[in-house]
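Got a predicted structure here, sequence first:
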Amino acid sequence: MFESLSKRLEGIFNNLSGQGKLTEEDVNAALREVRIALMEADVNLKVARKFVERVKEKAIGANVMGSLSPAQQVLSIVNEELVEVLGGSDGKNKLDLSGNPPNIIMLVGLQGSGKTTTAAKLANFLTKQGQRPLLVAADMYRPAAVNQLKTLGKQLNIPVYAEQAGADPVDICVHSLDYAREQARNVIILDTAGRLNIDERMMQEVMNIRARLQPQEVLLVADAMTGQEAVRVADDFNQAVSLTGMVLTKMDGDARGGAALSIRSVTGVPIKFMGVGEKTDALEPFYPDRLASRILGMGDVLSLIERAQETIDQEEALKAQAKLQQGKFDLEDFLNSMRQLKRMGPLRGVMEMIPGFNKLAAMPEMEEALEGDQLKFIEAIILSMTKEERRNPDIINGSRRKRISRGSGTTIQEVNQLLEQFGEMRTMIRQISTGKGPWAQLARQYTG
Ligand code: GDP
């Protein structure tokens with residue numbers, strides 16, 4: 001996500017910070033490059049131009065701030081402006097379910113944008129928040145859509161309301177209201193018909209459903225990979241049915257970011273979620289501030305923590321934390337942490353969110369190591385150790401290493417490598433928990 005834009009911006013800021021004092025000339029030259037980088041990322045021309053103008057204005061006004069270096073000042077202003085362009089922090093990007101239940105969320109969008117998948121993802125997301133959603137198959141235009149939604153609903157154990165082929169979409173939506181009440185469902189998600197292109201009939205159908213059902217949320221599902229085309233589609237839909245928000249899908253792909261960075265400024269419609277994969281849990285609430293720091297390569301610690309909270313066994317985590325504080329982190333804890341990390345989903349995605357690790361994660365070797373059987377190796381090696389060895393790794397001498405490698409079917413080098421990795425992690429954790437050393441410094445830098 002945003003990899004090439006990130007890289008470009010990073011290069012520009014690295015150049016800047018290499019210089020002591022910045023002249024207006026330096027700043028202008030850097031901002032010219034920022035504008036080009038934005039346009040290469042397929043950001044709308046006007047948005048890019050306005051962006052750079054605002055940064056320039058602020059940068060000139062900010063001359064007096066003493067604590068940051070000039071380059072840091074420019075970076076921090078660019079960060080602020082990025083947050084602004086992505087939708088600011090006005091809270092409008094939150095889903096609104098404050099109406100009388102059942103609250104209705106209507107999804108609209110072109111065929112192939114990911115509408116049906118998003119309906120299921122959204123239902124899954126809401127279920128995790130303690131809501132009781134009902135999915136409604138009202139896309140009668142794409143033949144496979146109804147079955148696709150039924151299959152996804154079954155997988156997630158979420159009911160799907162559907163009718164026979166040929167039924168009228170408006171009727172289906174109206175009937176689903178009764179069904180929701182019968183089944184004690186408090187949120188209704190309508191998957192409405194898409195078309196390959198915007199056409200009169202689709203818009204009319206969408207308008208009819210909107211008028212009859214009065215949904216609390218009308219969300220456009222748009223494919224971020226289509227760049228400026230997504231912005232145009234959003235504009236058209238917004239004019240016709242007045243959207244309350246958007247879901248940008250396929251943000252995991254090589255989307256250059258143009259859609260995400262332009263769509264809010266051009267249409268005024270807030271982005272509420274982003275789709276980051278094909279699976280039903282690959283949906284994230286949209287936070288402008290977090291995305292901005294991700295784009296600027298500053299990592300996204302908050303999303304990471306949130307995802308960790310969802311998947312990590314809290315009790316285990318507390319135990320590990322207590323041990324850490326007592327300086328007793330051992331190989332068993334190491335194995336547990338690795339297992340927990342693995343449960344958090346593709347490790348690469350996790351690494352991308354950690355400051356400093358995002359560059360590592362982009363390396364192909366790293367990808368292989370993370371996606372492959374690395375954890376199985378680690379498990380095999382640690383499980384071949386005696387309890388005493390796991391608790392007190394410092395006693396693992398040469399002959400013990402030999403035994404462990406034989407027992408786990410690995411080479412001595414691999415055992416050494418693991419112990420080295422563990423040693424590094426222990427040092428890092430010790431430094432962070434005592435607040436001393438370079439790792440602690442790095443952690444402070446990102447957690448404030
Ligand atoms: P619809 O015609 O709008 O209902 O589109 P679908 O829900 O059938 O999605 C079209 C294709 O896009 C499917 O292959 C989905 O798996 C894929 N898709 C949807 N959302 C995402 C996403 O966030 N990331 C990725 N990589 N693929 C997605």
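Alright, I've got the coordinates.

Might you report the residue contacts of the residue in the stretch 201-350 of the chain that the ligand sits nearest to?
Nearest residue of the stretch 201-350 of the chain to the ligand: residue 275, at 2.6 Å (C-beta to the nearest ligand atom). The C-beta positions use only the backbone N, C-alpha and C, and glycine is treated the same way. Residues near residue 275 by C-beta atoms under 8 Å, 6 or more residues apart in numbering: 114, 117-118, 121, 247-252, 282-283.

Least confident of these?
Minimum pLDDT for these is recorded at residue 252 (85).

Count the neighbours of it for me.
17 (other C-beta atoms under 10 Å).

That one reaches residue 276, doesn't it?
Yes. Using C-beta atoms under 8 Å, residue 252 is in contact with residue 276, at 4.3 Å.

so what sits against both of these two?
In contact with both residue 252 and residue 276: 1, 282, using C-beta under 8 Å, 6+ apart.

contact partners of stretch 389-397?
Against stretch 389-397 from outside (C-beta under 8 Å, 6+ apart): 330-332, 335, 382, 385, 388, 400, 404, 419, 422-423.

what comes up buried for it?
Within stretch 389-397, the residues scored as buried using 16 or more other C-beta atoms under 10 Å are 389-390, 393, 396.

quick one: what helix or strand has residue 172 in it?
Residue 172 is part of helix 169-182 when elements are defined by DSSP states H and E.

how about that helix as PDB, C-alpha atoms only?
The C-alpha trace of helix 169-182 is given here as PDB (Å, rounded to 0.1, in the frame of the first residue of the first chain):
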ATOM      1  CA  PRO A 169     -34.900  -5.400  -5.400                       C
ATOM      2  CA  VAL A 170     -36.900  -2.700  -3.600                       C
ATOM      3  CA  ASP A 171     -39.400  -5.400  -2.400                       C
ATOM      4  CA  ILE A 172     -36.600  -7.600  -1.200                       C
ATOM      5  CA  CYS A 173     -35.200  -4.700   0.900                       C
ATOM      6  CA  VAL A 174     -38.600  -3.900   2.300                       C
ATOM      7  CA  HIS A 175     -39.300  -7.500   3.200                       C
ATOM      8  CA  SER A 176     -35.900  -7.900   4.900                       C
ATOM      9  CA  LEU A 177     -37.000  -5.400   7.500                       C
ATOM     10  CA  ASP A 178     -39.700  -7.800   8.800                       C
ATOM     11  CA  TYR A 179     -37.200 -10.600   8.700                       C
ATOM     12  CA  ALA A 180     -34.700  -8.600  10.700                       C
ATOM     13  CA  ARG A 181     -37.300  -7.900  13.400                       C
ATOM     14  CA  GLU A 182     -38.300 -11.600  13.500                       C
END
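
Select only the buried ones of the contacts of stretch 389-397 in ChimeraX?
Buried members of these, defined by 16+ other C-beta under 10 Å, are picked up in ChimeraX with:
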select :330,331,332,335,382,385,400,404,419,422
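
residues in the stretch 151-300 of the chain within reach of the ligand, list them.
194, 249-250, 252-253, 275-278, 282 (C-beta under 6 Å from any ligand atom).

got the domain boundaries for this protein?
For the chain, the structural domains run 3-85, 103-296, 302-447, going by automatic domain parsing.

Pick the most deeply packed of these.
domain 103-296 (a mean of 20; mean count of other C-beta atoms under 10 Å).

so how far is that domain from its chain's centroid?
Domain 103-296 has its C-alpha centroid displaced from the chain centroid by 17 Å (C-alpha atoms, centre = their mean, to the nearest Å).

mind checking the end-to-end distance for it?
Start and end residues of domain 103-296 are separated by 37 Å (C-alpha to C-alpha, to the nearest Å).

Equivalent analysis for stretch 264-274, please.
13 Å.

what pLDDT, on average, does that stretch get?
Mean predicted lDDT for stretch 264-274 stands at 93.

Can you show me the helices along the stretch 151-300 of the chain?
169-182, 200-213, 228-241, 258-267, 288-295 (DSSP state H, counting those that start in this stretch).

can I get these in a markdown table with distance to residue 431?
Formatted as a markdown table, the helices of the stretch 151-300 of the chain follow (distance: least, C-beta to C-beta, whole Å):
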| stretch | distance to residue 431 |
| --- | --- |
| helix 169-182 | 53 |
| helix 200-213 | 56 |
| helix 228-241 | 44 |
| helix 258-267 | 36 |
| helix 288-295 | 23 |
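
Go through those helices and find the least confident stretch.
helix 288-295 (a mean of 83).

and the angle for it with helix 258-267?
Taking axes from the mean of the first three to the mean of the last three C-alpha atoms, to 10 degrees, one finds that helix 288-295 is oriented at 140 degrees with respect to helix 258-267.

What is helix 288-295 packed up against?
helix 3-17, helix 70-85 (3 or more C-beta pairs under 8 Å, 6 or more residues apart in numbering; DSSP states H and E).
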